[in-house]
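Visitor: this is a predicted model, with the sequence first.
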Amino acid sequence: MQTFLDIFDIYLLEAVINGILLGGVLALLALGLNLIFGVIDVTWICYAELVMLGMYAMYFMVQYYGVSYFVAAPFTILLVAVLGAALHYLVIAPLLTAPPINQLLATGGVLFVLQSFATVAFGIDFRNLGIRLPVLAFGDMNFSYARLLSFVAALVGMVAVYLFMTRTFTGTAIRAISQDRQIMALMGVDTKRIYLITSALGGALAGLAACLLVLQYDVHPFVGLSFGPITFLICVLGGLGNFIGGFIAAFLFAEIISLGGLFSDLEWGYVLAFAFFIVMMFIRPAGLLARRR
Amino acid sequence: MLELRGVNAGYGTFQALFDVNLDVKAGEAVGVIGPNGAGKTTLMRIISGLIRPSRGSITMEGVDVVATPPHKIVSLGIAHVPENRRLFPQLTVDDNLKMGAFMKEARDHYAERLEVVFDLFPRLKERRHQMAGTMSGGEQQMCAIGRALMSNPKLLLLDEPSAGLAPVVVQQVFELVKRIRASGLTVLIVEQNVQQVLKVVDRAYLIEAGTIRASGTSAEMLASDTVKEAYLGV
Ligand SMILES: Nc1ncnc2c1ncn2[C@@H]1O[C@H](COP(=O)(O)OP(=O)(O)OP(=O)(O)O)[C@@H](O)[C@H]1O
Ligand SMILES: [Mg+2]
């Protein structure tokens, strides 16, 4: 009995820590989506597909052209930032005053376009960077170096966004805009420009996530489906547009997935996470941190 | 300084202002009075560019305001304290003031302006980390005026600054308008509080159903029968 507990504890601890590591990247993804929703009041259904394009960019730069990972990463972040701004300018901006359903359909359409584009352009092969990062052994526990790196980079990215949002004039305007869109002009703020900057920032976060995910997962045209839905669930659970709620929900989900995977397969971890989501939607339909009325 | 000529304006098919002519000279304080729904707020909105006139011209120191994009009008030196204050309720006082200094020219003088505003409203300095939405009505009005002053304007538009405030606080607001005037700022102020406002302004316009009905110096307005009957209750 005693030995069983010992082993159990070590595995449990390993799973908890892996959950935290996974939570970092999920929180990064959720932050990007929440930013767009909170500021512009649209949902980028195709958010994970921007990540997919970023992963391809990493793949081609690193595998095909032999660019080093750390040089390729900033380019990828920049590229996806531009894609985010382009998505806003070409698809969202013309639909800003349209009913939300039209915006959903439009970004949903972009999702299929991007998936099909990737299928035609890159084929349906699974590709990876071919970088084998070592596994860190700590006592009896094993942690993948890729996950540790991702976690740290995700945290750094989120801290950078936090500082930008709280310290700069533009960041303050981004926080202000959803509270009173009409009077922004009185402050000398061009709302169109703020939307474009926010979209680029959301894209940059997707780009960073792409650089991190490509270390752990193969890229293929439908890779967005493996973390897009979970990102949406996290944002909804945290309360759409609520940054702190999204952050907490990301770690909650990551732990459920990781601990659920401990007791059976990882897939069951996902099932548990979805079940948890459904239950929570009955208990707190407006999100974790929503005030009760 | 500010000139409106033959201005029409409205919302959709509804016309709220008819052929408005109005002047504000540098250093003056000018009042706009009139009943509810007369078009006073609409007048303020077309000056600061929140809505555009359908006809007529507006110039600020010779610059065509109508041709200036709305977010650049504040750079012409026009700051608008909107009706109902319209603070960002979930930003701190500090962040609200920061928004007032958003435009390039004001950013460069952010620290100085903050000092000026805190000098004028020591209360805001005490409350700088409080969410604007949780402050009292009077404090919120100070914050709204402070936010407008952050851009170092030449012309301050005040839309019913005393609305919804306790009588003592209303007194403070009018005292404040006097002080702002004394500092050399030009003021255009909309007020329901006719008796009070005529004490602090040099001239006033009476607007009814979207048209300027009367105008003149404060003394003339106080003596005018139209104003007396309708607003002073004598
Ligand atoms: N956003 C709007 N859309 C449509 N009509 C409007 C809008 N804002 C104001 N109006 C109408 O324009 C007219 C003038 O309104 P305005 O707000 O300028 O009046 P006001 O003189 O400021 O009144 P109050 O003293 O009550 O503030 C009113 O008839 C009002 O119903
Ligand atoms: Mg009004």
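Guide: Yep, that arrived. All values derive from a computational prediction rather than experimental measurement. Residues are numbered from 1 along each chain as shown, chains lettered A, B, ... in the order given. Ligands and ions are numbered 1, 2, ... in the order given.
Visitor: closest residue of chain B to ligand 2?
Guide: Closest residue of chain B to ligand 2, Cβ to the ion: residue B:41 (3.1 Å). All C-beta spots, glycine's among them, are computed from the backbone N, C-alpha and C.
Visitor: near chain A, which residues of chain B are found?
Guide: Neighbours of chain A within chain B, by Cβ under 8 Å from any Cβ of the partner chain: B:48-50, B:69-75, B:79-80, B:82, B:86, B:88-91, B:95, B:98-103, B:106-107, B:147, B:151.
Visitor: quick one: which of those residues sit in strands?
Guide: B:79-80 (DSSP state E).
Visitor: what about burial for the residues of chain B next to chain A, which qualify?
Guide: With burial judged by 16 or more other Cβ atoms under 10 Å in any protein chain shown, the buried subset of the residues of chain B next to chain A is B:48-50, B:70-71, B:73-75, B:79-80, B:82, B:86, B:88, B:91, B:95, B:98-103, B:106, B:147, B:151.
Visitor: which bits of chain B sit near ligand 2?
Guide: Residues of chain B found near ligand 2 (Cβ under 5 Å from the ion) are B:40-41, B:83.
Visitor: need those residues in CSV with pLDDT and neighbour count, can you?
Guide: Listed next are the residues of chain B next to ligand 2 as CSV, based on pLDDT from 0 to 100; neighbours: other Cβ atoms under 10 Å in any protein chain shown:
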residue, pLDDT, neighbour count
B:40, 95, 24
B:41, 96, 17
B:83, 94, 16
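Visitor: from these, which land in helices?
Guide: B:40-41 (DSSP state H).
Visitor: could you dump the residues of chain B next to ligand 2 to a markdown table with distance to residue B:186?
Guide: Formatted as a markdown table, those follow (distance: Cβ to Cβ, whole Å):
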| residue | distance to residue B:186 |
| --- | --- |
| B:40 | 18 |
| B:41 | 19 |
| B:83 | 20 |
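Visitor: what distance do you get for residue A:148 to residue B:18?
Guide: Distance of residue A:148 to residue B:18, computed by Cβ to Cβ, to the nearest Å: 70 Å.
Visitor: just residue A:117 next, same as before
Guide: 56 Å.
Visitor: how about residue B:135?
Guide: Taking Cβ to Cβ, one finds residue B:135 at 38 Å from residue B:18.
Visitor: quick one, helices of the stretch 151-293 of chain A?
Guide: Along the stretch 151-293 of chain A, counting by DSSP state H, counting those that start in this stretch, helices occupy A:169-177, A:191-216, A:224-238, A:243-263, A:266-283.
Visitor: which of those helices sits most buried?
Guide: Among the helices of the stretch 151-293 of chain A, the stretch with the highest mean neighbour count (mean count of other Cβ atoms under 10 Å in any protein chain shown) is helix A:191-216, at a mean of 24.
Visitor: which strands and helices sit next to it?
Guide: helix A:2-40, helix A:47-59, helix A:69-87, helix A:145-167, helix A:169-177 (3 or more Cβ pairs under 8 Å, 6 or more residues apart in numbering or on different chains; DSSP states H and E).
Visitor: how about CSV for those helices, with distance to ligand 2 added?
Guide: As requested, these are exported to CSV (distance: least, Cβ to the ion, whole Å):
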stretch, distance to ligand 2
helix A:2-40, 29
helix A:47-59, 42
helix A:69-87, 38
helix A:145-167, 34
helix A:169-177, 23
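Visitor: what's the closest of those to chain B?
Guide: helix A:169-177 (4.6 Å; Cβ to the nearest Cβ).
Visitor: helices and strands around that closest one, which ones?
Guide: helix A:2-40, helix A:145-167, helix A:191-216, helix B:93-100.
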